[in-house]
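Enquirer: Pasting the sequence and the predicted model now:
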Amino acid sequence: MSHHLFLLSPTDTPIYSLAHQSTKSTAPSSGSTLSSNLPSWSTAPFSGTLTALSGAQSVGTASTQNGAPKIGAGQDRHVIQMIANASLDVIEEMMVSNSAMYLKSIDKFNEWTVSAFVTPGNMKFVLLHEAKNDEGIRSFFMEVWELYVKTAMNPFHRSDRTIRSTVFDARVRASAKKWL
Amino acid sequence: MASTKQFKNIGEDLWKSRTDKINAELFTMAYGSLVVQLIQDYEDYAEVNKQLEKMGYNIGTRLIEDFLARSSLGRCADFREVGEVVAKVGFKSFLNITPSVVHHPAPGSGTGTAQPAGATPRSSLLPSQNAAIQAQTHSAPGAFFVLTLDENPLAEFVELPESALPTVGADSTPTGGLWYSNILCGVLRGALEMVQMQCEVVFLSDVLRGDESTDIRVKLVRYLEEEVPVGDD
């Protein structure tokens, strides 16, 4: 079961992304996903359309993602990005009404649930996941937030640049392993 | 000449009696933005190192006055004592850190060698002569001490970008790179110069660059004689 985390700056620039394969055994929902039933060739043209749609929405986002292939339970990378992008509108709506930091699950797409976390500095953390895990995800977001604050204290960090620190990466992965 | 323990206590007292203290995070972030701005302006890490040292020098020349006024310590007997005072009283009263010190006497010859391989000459010397030689060796130009900072308030949360790390040269020695806390070297150089010691202060290693520890070497170049300013009679 995998998770995808995106950290977005207040200007919606992605500054960090992570795909994480959970080692914890969870609810047996992964076997009955729509896309895994369909052969991959049928979803591929579908994802192509989605990419075009998402491309119109925010060109910068798709092109700045690094091209390294990430494992995502067989899902196409573009679908993941499309889902994350689509959820941003929902997040912004909720930000106005709900002042809590942790917005639980705000969107659902096929089998992917999107949970979001908005920091006081208007940073958005978006997590795509398959199973329900509110408490674990809340703890994970809090830890990622702390790690992010430490990174932001680095004078060499720009708020709109990608986070390249290997230390940050290692810690986020460790945190993901702990909570997800 | 006060002992190590006394220096520690003096340092503690000075730190406690200081009424204007600054928030550590504010200090760290102010220094951080200073360094980043310098990098943006000069775009050359060697130049930035030089500028930081220069700024430190200006700070040091003024800082020594404040230090001597508050601590009311007299002249140090030898360079070894200088090292002790710098580490235990100086750093403690301004930054609330106590770096550890390792002293190295000057590599001397003739009467300067107080630790020769054959120990026989020593026993024939009077204790007073021995001490004098000891002091002389520890005060001879070329003597140095190494400060090891186990924590550095200037560099909290800092991670250097790739470009600021040293590159390995053709002869496999690291060159270039940014010494993030180089202002400290300038401060020490400036302060010691105001008390008639010309020193060379450099960083040997820095944890920000991936080394094991953060080390500063302070080497005595020469004692400065009082010079009559030009124009005076």
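Expert: Now that the structure is in, tell me what you want to look at. No experiment lies behind these values; they were computed from the predicted model shown. Residues are numbered from 1 along each chain as shown, chains lettered A, B, ... in the order given.

Enquirer: Find the nearest non-adjacent residue to the closest residue to chain B within chain A, please.
Expert: Nearest residue of chain A to chain B (Cβ to the nearest Cβ) works out as A:Pro155 at 2.8 Å. (Each C-beta comes from the backbone N, C-alpha and C, glycine too.) Among residues not flanking A:Pro155 along the chain, B:Gly32 sits closest, at 2.8 Å (Cβ to Cβ, 6 or more residues apart in numbering or on different chains).

Enquirer: My read is that the one you found contacts B:Leu160, right?
Expert: No - using Cβ atoms under 8 Å, B:Gly32 makes no contact with B:Leu160, being 11.4 Å away.

Enquirer: A:Phe109 - how many residues pack around it?
Expert: 15 (other Cβ atoms under 10 Å in any protein chain shown).

Enquirer: Revised request: answer the last question for A:Ser165.
Expert: The burial count for A:Ser165: 19, using other Cβ under 10 Å.

Enquirer: I'd like the distance between it and B:Pro166.
Expert: Here the criterion is Cβ to Cβ, to the nearest Å. By it, A:Ser165 lies 18 Å from B:Pro166.

Enquirer: Please apply the same query to B:Arg222.
Expert: Distance of B:Arg222 to B:Pro166, computed by Cβ to Cβ: 30 Å.

Enquirer: Equivalent analysis for B:Asp78, please.
Expert: 34 Å.

Enquirer: Secondary structure element holding the residue of chain B found nearest chain A?
Expert: Of all residues in chain B, B:Gly32 sits closest to chain A, at 2.8 Å by Cβ to the nearest Cβ. For B:Gly32, the host element (DSSP states H and E) is helix B:24-42.

Enquirer: and the helix or strand following that helix, which residues are buried?
Expert: Scanning forward in sequence from helix B:24-42 by DSSP H and E, the next helix or strand is helix B:45-71. Judged by neighbour count using 16 or more other Cβ atoms under 10 Å in any protein chain shown, the buried positions of helix B:45-71 are B:45, B:48-49, B:51-53, B:55-57, B:59-61, B:63-64, B:67, B:71.

Enquirer: out of these, which touch chain A?
Expert: Among the buried residues of helix B:45-71, no residue lies close to chain A (Cβ under 8 Å from any Cβ of the partner chain).

Enquirer: Now do the residue of chain B closest to chain A against B:Leu154, distance only.
Expert: 8 Å.

Enquirer: Ok, B:Gly186 next?
Expert: Taking Cβ to Cβ as the measure, B:Gly186 falls 13 Å from B:Leu154.

Enquirer: Which positions in chain A make contact with chain B?
Expert: Contact residues (Cβ under 8 Å from any Cβ) of chain A with chain B: A:Lys150, A:Thr151, A:Met153, A:Asn154, A:Pro155, A:Phe156, A:Arg164, A:Ser165, A:Val167.

Enquirer: The helix or strand hosting A:Tyr16 packs against which elements?
Expert: In the assignment (DSSP H and E), A:Tyr16 maps to strand A:14-21. Counting contacts by 3 or more Cβ pairs under 8 Å, 6 or more residues apart in numbering or on different chains; DSSP states H and E, strand A:14-21 is packed against strand A:2-8, helix A:166-179.

Enquirer: before we move on, back to that, neighbour count winner among B:Arg222 and B:Pro166?
Expert: A direct count of neighbours by other Cβ under 10 Å for B:Arg222 and B:Pro166 places B:Pro166 higher, at 18 against 12.
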